[in-house]
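S.K.: Need coordinates for the below:
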Amino acid sequence: MSHFIYLITLLLLPTLAQAQSADFNGNGEVDFADFIRFASAFGTTESQYDLNQNGTVDLPDFISFVKAFTQQNTQTGAPDPETFLQSLDANHPRLILKDDRLAELKVIWETDPELKKIVSDALTEANRLMGKDPLVHKLVGPRLLSVSRDALDRIYHIGLAYRWTGDQKYLDAGRDVLLTVAAFPNWNPSHFLDVAEMSHAVGIGYDWFYHGLNAQTRNTIKAGLIRHGLAEGIKAYKNTKPAWWVRSEFNWNQVCNGGLTVGALAIAETDPEYAQQIIPEVYNSLPTALKTYEPDGAWGEGPGYWNYATRYTVYGLSAMETALGTTFGLKNKTGLAQAGYFPVHGAGPTDHYFNYADVGETARRNPMPCNFWLASTFEDDFIAASEHAIAARKTAEAQHVMWYVPKPNASFIPELDRKFNGVVEVAFLRSSWEDPNAVFVGLKAGYNQVNHGHLDLGNFIIDAQGERWASDLGSDDYNLPNYFGKAVDATRWTYYRLNSESHNVPLINNKSQHPEGTSKLIGFRSDGTFPYVVVDLSNAYLENASGKITRGLALHNSRQDVLIQDEYDLERPRFLQWGMTTKATIALQDDGSVILTKNNKQMYAQILSPKGWTFGIDSAQQSSPQKTNKGYSRLVIRPVYEAAQLTITILFSPIAPTESSTPNVTPIAQW
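M.R.: The predicted structure is shown next:
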């Protein structure tokens, strides 16, 4: 049969040579999504799918599609350094936003109010950035990263403004940025993120401003890119001991590989040796990090680093698509297609993230242009609609333009509850998507050695009435001594924000969780009026607490109240301490309950089990150079009891609970 198709294909070669593109969704590749579209159109007269233009979508069109698909997917394996650049688009600009796509966007802009708003935001930001002082080579601690990111921000916004308007002032400003950073003594290779982001900035700038630069200027910029960026990247890959990030499972991998990909492809037609060395290394390295998205798009470093890692994943893959016509199969890795759901579910009604790991205490969901690429590439209208919704009420970026997808006509309301099953399992429950005062909770599991991880297994947050009641303090100053230490006795674990003392997790014998502790989500239900999630913390404390520890978190009373229950069945008695961090004012009540007050709103908390126990207040304040945590307190249970078997149950309610609304304490196994 395969020989028959081969002979038919040979006979039809003249026809195929004239066939139109089989990349029906315009993502730069002929892939399975294109096949689904083609199959749906088979037998019709739809001209887009009539590849040989004979008036019908028929067998010759199918053979044409097979040929295009086969040619495309011969490059799903490792790129051959000797041949993969044969598909390089030798024209400029070729990276991410090509001129034909820009022309399409300008046509769409005429009748698309959403795109008009996004372009306006980008141009306004370009004009603001033009007024900033010139960049200088200045490290903050060991990093040049803030300068690299500033350069990247300027290049994208000023570059888009130049290409959208043709105004010479933008060309002049972009050229000045490129010449300034090319003249730096180095891009700080000791902290390679700095090199990667600057290589990205200069690669995009060289490509986008190419036709407005004279030959001497182009050569100067290119020389800086090679000397400070690409040559350093090749050393990182090729050294006897490659740089650690080459095999990292997390954001450094994507950022370094993505930035070097953009830089290498920017100059590949004149200096192919850099792309010939770098792109195969990227192909070998990047899947290690992409595997972290498995199975459903979550990110172990938390939602803030999801954006950083995913954005750079998309920069690299998008550059490959537009410059080479392929990602060598990298975009098809499991979990990436679902990745856009993670930041959507991970943010509460006020856009405030469940900010576990080294994510800032006030981190909120903002527009993320990579979601447009994910929506377009994987044909996901929900992700497109979600990104449109947030871009409509916040400031969009230049990158939204280059990956723009029109707003879907349909409306989407996702499920209220979602469990993500990645290397750090996390679950989110909520009462509504439309109500800004909705109840929103999150609970995490995973392992404490995850990159940027804290000693926070079983940690939870609570939002209600537009306020956060149970908080995660987030990251501390990265320049603190040994901040990124991993050893069991590392200084990292003495920092208040990073150990268990600041998190909403139990302390056992007044000690934090073990730095090598692990946990698993073992229960989840999203249907009915009592959704819940359960985490097994038995291995979170290791030898400090042998036995079984289980935490359950549920929504009660038509999803208006939050129930938290900890069950201990230990081999020997331990002092068991419950605590929660809050920025609310805590008022202790005579009956042992508390009223939390924040911005004239209230949250009630009562201890359902053990009977007769009461709340107390501890300070969360710390001394400099750690962050001082001004305004935060610890809601704790007094006194701390020593026990081996114990159940602690707490009910939080935005309305004073009544006897009828207060649940009976039931073992988690019976939930």
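
S.K.: use CA for all of it now, contacts and neighbours both
M.R.: Will do.

S.K.: Could you point out which residue ranges in this structure have low pLDDT?
M.R.: Within the chain, the stretches with pLDDT under 70 are 1-20, 25-29, 32, 67-68, 70-76.

S.K.: Scan it for its longest strand.
M.R.: Residue-count comparison of every strand in the chain, with assignments taken from DSSP state E, identifies strand 561-577 as the longest.

S.K.: quick check, distance from that one to the centre of its chain.
M.R.: Its chain's C-alpha centre lies 33 Å from the corresponding centre of strand 561-577 when counted by C-alpha atoms, centre = their mean, to the nearest Å.

S.K.: Over to stretch 134-145?
M.R.: Going by C-alpha atoms, centre = their mean, the spacing between the C-alpha centre of stretch 134-145 and its chain's C-alpha centre is 25 Å.

S.K.: could you pull out the helices for the stretch 351-500 of the chain?
M.R.: 370-377, 381-393, 398-402 (DSSP state H, counting those that start in this stretch).

S.K.: Quick one: closest of those to I655.
M.R.: Using C-alpha to C-alpha as the criterion, the shortest distance between I655 and the helices of the stretch 351-500 of the chain is 30.1 Å, found for helix 381-393.

S.K.: Pull the residues that contact the closest one.
M.R.: Under the criterion C-alpha atoms under 8 Å, 6 or more residues apart in numbering, residues 114, 117-118, 340-341, 344, 366-369, 371-372, 374-376, 405-408, 411-412 lie in contact with helix 381-393.

S.K.: List buried residues within these.
M.R.: Neighbour-count burial (16 or more other C-alpha atoms under 10 Å) applied to the contacts of helix 381-393 gives 114, 117-118, 340-341, 344, 366-369, 371-372, 374-376, 405-407.

S.K.: Tell me how many other residues crowd T56.
M.R.: The number of residues packed around T56, counting by other C-alpha atoms under 10 Å, is 19.

S.K.: Excluding chain neighbours, give the residue nearest to it in space.
M.R.: Distances taken as C-alpha to C-alpha, 6 or more residues apart in numbering put T45 closest to T56, at 4.6 Å, once the chain neighbours are dropped.

S.K.: try T647
M.R.: If you skip the residues right next to it in sequence, T647 has E567 as its closest partner in space, 4.5 Å away by C-alpha to C-alpha, 6+ apart.

S.K.: and what of V636?
M.R.: Distances taken as C-alpha to C-alpha, 6+ apart put G579 closest to V636, at 4.3 Å, once the chain neighbours are dropped.

S.K.: Which residues are in contact with Y495?
M.R.: Counting by C-alpha under 8 Å, 6+ apart, the residues that Y495 touches are Q626.

S.K.: separation between Y353 and R497?
M.R.: In this structure, Y353 and R497 are separated by 17 Å, where distance is defined by C-alpha to C-alpha, to the nearest Å.

S.K.: what do you get for V359?
M.R.: V359 sits 11 Å away from R497, taking C-alpha to C-alpha as the criterion.

S.K.: any common contacting residues for these two?
M.R.: Listed as contacting both V359 and R497 by C-alpha under 8 Å, 6+ apart are 474-475.

S.K.: Between these two, tell me which one has more neighbours.
M.R.: Neighbours were tallied for V359 and for R497 using other C-alpha under 10 Å; the higher tally belongs to R497 (26 against 23).

S.K.: thought that one was touching Y478?
M.R.: No - with contact defined as C-alpha atoms under 8 Å, R497 does not count as touching Y478 (11.9 Å).
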